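In: Give me coordinates for this.
(chains A and B, ligands or ions: 8)
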2 protein chains.
Amino acid sequence: MSDPKSVITRLHGAGGSYMHNLIKEYFLPLYDGYGEIGLDVLDDGAVVNGVVFTTDSFTVRPLFFKGGDIGKLAVSGTVNDIAMMGGDPVALSLAVVIEEGFSKVDLAKISESIKKTAEEAGVHIVTGDTKVMEKGALDKMIINTSGIGVSSDALKYNFSVLRKTREVKHEWLVPMNLRDGDKIIVSGNIGDHAIAILSSREGIEFEISVESDVAPLNKMMKAVLEVGGIADAKDPTRGGLADLLNDWSEKSGLGIYIRENDIPVREDVRNAVEFLGLDLMELGNEGKAVLAVSPEMVRDILDTLHKTPWGKDAEVIGEVRKDIQGVILETVVGGKRLVTRPVGDPVPRIC
Amino acid sequence: MSDPKSVITRLHGAGGSYMHNLIKEYFLPLYDGYGEIGLDVLDDGAVVNGVVFTTDSFTVRPLFFKGGDIGKLAVSGTVNDIAMMGGDPVALSLAVVIEEGFSKVDLAKISESIKKTAEEAGVHIVTGDTKVMEKGALDKMIINTSGIGVSSDALKYNFSVLRKTREVKHEWLVPMNLRDGDKIIVSGNIGDHAIAILSSREGIEFEISVESDVAPLNKMMKAVLEVGGIADAKDPTRGGLADLLNDWSEKSGLGIYIRENDIPVREDVRNAVEFLGLDLMELGNEGKAVLAVSPEMVRDILDTLHKTPWGKDAEVIGEVRKDIQGVILETVVGGKRLVTRPVGDPVPRIC
Ligand SMILES: Nc1ncnc2c1ncn2[C@@H]1O[C@H](COP(=O)(O)OP(=O)(O)OP(=O)(O)O)[C@@H](O)[C@H]1O
Ligand SMILES: Nc1ncnc2c1ncn2[C@@H]1O[C@H](COP(=O)(O)OP(=O)(O)OP(=O)(O)O)[C@@H](O)[C@H]1O
Ligand SMILES: [Mg+2]
Ligand SMILES: [Mg+2]
Ligand SMILES: [Mg+2]
Ligand SMILES: [Mg+2]
Ligand SMILES: [Mg+2]
Ligand SMILES: [Mg+2]
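Out: Ligands and ions are numbered 1, 2, ... in the order given. Okay, the predicted model is just below:
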């Protein structure tokens, strides 16, 4: 592998420490002080002029996988980043870059999938761009979606509840709202997306019936915001739970304690993960949210999640603790290990 | 070349009739009725909730060219699409997809160029995304920028002036505002970007000192909106003047008459265009605007343009006419020809 000191390597796209260092070195200098939630927060999106604004490019391979395709992923991914800020998604842009020779039949399928997912989320595709690169200059297709969202009554209500437990400086879901004792909820089974993608790849030899969890989560988020008491939410995409929890710990200055036994995982996914020698904590998901919630509200939030199709397997997996540093995992056998940000990508190009 | 009936070809990225038909067939069905200026208008951007929203991916090659680089282009292109709607650019997203092995020195140069151009435009980079594709899966780098902008006093003043000459339904710069007799202004020399890109490519054998015109035009637009009387503005990027004027003619239902003699072109660019057998009308630009303005205001607008660095070579090149159909060019020798949308790209991957 080439030297990560002088050139970009795959590690820099892995959603772990290499990527974060790259972003800090090359893109954080673009921060100029602007925004209610600015670039410096490095959260799921920014908030400017009362509008949530976010972007993601999708390079997933294969384009069609068990449970979804690049179109469904591109809509869900950006809807989710808006929803994880507490925003109500309004409109998306759709920029496709296509390799010469790409099948129009496949393009039609992807476009239909985009339409269906946008309808499901209740978000509008309002603008776009289409570029073509010559054969060999791009592996099939890339999609970028960017999105804007707005605050809602549900979000305001959430903070009116949260205010009973703490001083709240930001009326958006950001890690600075975390407090000692907050419960950590994951909205459902972990690892489905990464394992479904892996098992959809040619030449990968294992049988598993799991589908990607890819889905827009804005309706689930609205339901829990209406209960109230959520301090922060984030989707465990590239870098998985390990990266997400480290992010929260760094930005809040608090420790996080997680019980491995309580992390919901499908039996066959757990087996596949063990068989393949992967770390469940680092696997990417595309239809899950991690919530930090005030302990007073955790029961009601969990009940509400369980009534939605996206949150039916939700579990409390741990809590925020000021007496520890970093992310500590209590393992299945009862030991404790420090969870750091991932370095490499257990499954590259999952999004 | 592959069959454009069943697969995507380079023609579909050429900013002409093939691309427009592709967009109409595969992406226009995503329109769901939403937006003050919705997807159906197929303009430089959309307007939703009072916010201008636009996106572009940049695949330019080479990444560094005479007069600019992909970073400057990515900021300018999206700032300009906002400005061409009449919007005041507020914030941009920045999504980079990088090929494994890409030089960090080049990445730093591009990041600095982005910062400089954003500062020049007074726009803020607030969010982004970074993906890496394995070696061979992408030719070096793609950048997507999306952007949001807002209405301004200048835009409102512009329409207060325009209202003296017509009924105005849309308080944004859209082709539906065009009227018989409007003057067509181009803000400066045509063809510089395409020719600079071409002459920056390896193996291209001609000597020319022209630089790309790539620049953010929002300050120029603000200056002319403060004069008032502008019906529409659009930047002649892919597809050049030929595509832009056909777009206006189709969407307004009016004819457009252009005098070739009045189109400003650098002498050396004109020679290169002739030498290479290209059509000036189809060449892409990245720092030019075409304005349709009420005849009462044309003198003041031109004077104002001439005082700005971006509009110093601005000229009136023709007018909107209800007595003709489509786009008619009065050639240098006095003949007339119908200008249609381009089919292919005289210079591919200019943006
Ligand atoms: N090229 C870039 N320029 C500016 N900011 C960037 C860039 N790349 C990433 N960022 C910022 O870094 C943070 C982390 O980005 P990341 O892409 O990991 O978040 P995400 O979109 O939530 O995750 P994923 O892309 O895996 O879905 C975000 O705040 C993002 O805005
Ligand atoms: N994939 C897509 N999905 C939805 N709309 C699209 C898509 N591609 C293009 N469009 C829409 O088609 C219209 C024409 O797009 P085009 O990219 O030519 O405009 P532009 O950005 O002004 O030009 P350029 O990309 O050359 O700078 C725009 O309204 C754009 O929003
Ligand atoms: Mg996210
Ligand atoms: Mg994301
Ligand atoms: Mg475009
Ligand atoms: Mg444009
Ligand atoms: Mg554009
Ligand atoms: Mg991202």
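In: Stretch A:95-102 close to ligand 7?
Out: No - against ligand 7, stretch A:95-102 shows no contacts by CB under 5 Å from the ion, the least distance being 10.2 Å. In short, each C-beta sits where N, CA and C put it, glycine included.
In: And the contacts of that stretch?
Out: Contact with stretch A:95-102 is made by A:107, A:128-146, B:2, B:7-10, B:12-13, B:55-57, B:59, B:142, B:144, B:146, as judged by CB atoms under 8 Å, 6 or more residues apart in numbering or on different chains.
In: I'd like to know which of the residues you listed are buried.
Out: The neighbour-count test (16 or more other CB atoms under 10 Å in any protein chain shown) applied to these identifies A:107, A:128-134, A:137-146, B:7-10, B:12-13, B:55-57, B:59, B:142, B:144, B:146 as buried.
In: Okay, helices next: where are they in the stretch 151-300 of chain A?
Out: Applying DSSP state H, counting those that start in this stretch to the stretch 151-300 of chain A gives helices spanning A:153-162, A:192-200, A:218-225, A:240-252, A:267-276, A:298-306.
In: need the residues of chain A near ligand 8, please.
Out: Counting by CB under 5 Å from the ion, chain A sits next to ligand 8 at A:D56.
In: try 8 Å this time
Out: Proximity of chain A to ligand 8 (CB under 8 Å from the ion) is limited to residues A:44, A:54-57, A:77, A:81, A:237-238.
In: Let me know the closest of these to ligand 7.
Out: Taking CB to the ion as the measure, ligand 7 lies nearest A:T55 of the residues of chain A next to ligand 8, at 16.0 Å.
In: check contacts around the closest one.
Out: So A:T55 contacts A:45, A:78, A:144-147, B:93-95, B:127-129, B:144, B:146 (CB under 8 Å, 6+ apart).
In: Keep only those of those that are in helices.
Out: Among those, DSSP state H puts A:T78 in helices.
In: can you put the contacts of A:T55 in CSV and add distance to ligand 3?
Out: Listed next are the contacts of A:T55 as CSV, based on distance: CB to the ion, whole Å:
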residue, distance to ligand 3
A:G45, 8
A:T78, 9
A:N144, 15
A:T145, 13
A:S146, 13
A:G147, 12
B:S93, 14
B:L94, 16
B:A95, 13
B:T127, 11
B:G128, 12
B:D129, 10
B:N144, 17
B:S146, 16
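In: Adding distance to B:I37 and pLDDT, write the contacts of A:T55 out as CSV.
Out: CSV is the format used below for the contacts of A:T55 (distance: CB to CB, whole Å; pLDDT from 0 to 100):
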residue, distance to B:I37, pLDDT
A:G45, 23, 98
A:T78, 21, 99
A:N144, 21, 99
A:T145, 19, 99
A:S146, 17, 99
A:G147, 17, 99
B:S93, 20, 99
B:L94, 24, 99
B:A95, 24, 99
B:T127, 23, 99
B:G128, 26, 98
B:D129, 26, 98
B:N144, 21, 99
B:S146, 16, 99
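In: contacts with ligand 1 among the contacts of A:T55, please.
Out: Checking the contacts of A:T55 against ligand 1 by CB under 6 Å from any ligand atom, the ones in range are B:94, B:127-129.
In: which among these are in contact with ligand 4?
Out: Counting by CB under 8 Å from the ion, the subset of those that neighbours ligand 4 consists of B:D129.
In: with the ones next to ligand 1 among the contacts of A:T55 in mind, which one is nearest to A:V320?
Out: Comparing these against A:V320 with CB to CB places B:T127 closest, at 25.5 Å.
In: so what's A:G255 closest to, chain neighbours aside?
Out: A:I324 (3.4 Å; CB to CB, 6 or more residues apart in numbering or on different chains).
In: dump the residue contacts of the nearest residue to A:V161 once chain neighbours are set aside.
Out: Ranked by CB to CB, 6+ apart and with sequence neighbours excluded, the top spatial neighbour of A:V161 is A:G228, at 2.8 Å. A:G228 makes contacts with A:157-162, A:297, as judged by CB under 8 Å, 6+ apart.
In: if we can go back for a sec, inside strands: which ones of the buried ones among the contacts of stretch A:95-102?
Out: A:128-133, A:141-146, B:55-57, B:142, B:144, B:146 (DSSP state E).
In: List every C-alpha atom in the top helix by length along chain A, with coordinates, as PDB.
Out: Scanning chain A for the longest helix, with DSSP H as the assignment, gives helix A:104-121. The C-alpha trace of helix A:104-121 is given here as PDB (Å, rounded to 0.1, in the frame of the first residue of the first chain):
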ATOM      1  CA  LYS A 104     -30.200   2.800 -19.300                       C
ATOM      2  CA  VAL A 105     -32.200   0.000 -17.900                       C
ATOM      3  CA  ASP A 106     -30.200   0.200 -14.700                       C
ATOM      4  CA  LEU A 107     -30.400   4.000 -14.700                       C
ATOM      5  CA  ALA A 108     -34.200   3.700 -14.900                       C
ATOM      6  CA  LYS A 109     -34.200   1.300 -12.000                       C
ATOM      7  CA  ILE A 110     -32.100   3.600  -9.900                       C
ATOM      8  CA  SER A 111     -34.200   6.600 -10.800                       C
ATOM      9  CA  GLU A 112     -37.400   4.800  -9.700                       C
ATOM     10  CA  SER A 113     -35.800   3.700  -6.500                       C
ATOM     11  CA  ILE A 114     -34.900   7.300  -5.800                       C
ATOM     12  CA  LYS A 115     -38.500   8.400  -6.400                       C
ATOM     13  CA  LYS A 116     -39.900   5.700  -4.200                       C
ATOM     14  CA  THR A 117     -37.600   6.400  -1.300                       C
ATOM     15  CA  ALA A 118     -38.100  10.200  -1.600                       C
ATOM     16  CA  GLU A 119     -41.900   9.600  -1.400                       C
ATOM     17  CA  GLU A 120     -41.500   7.300   1.500                       C
ATOM     18  CA  ALA A 121     -39.500  10.000   3.300                       C
END
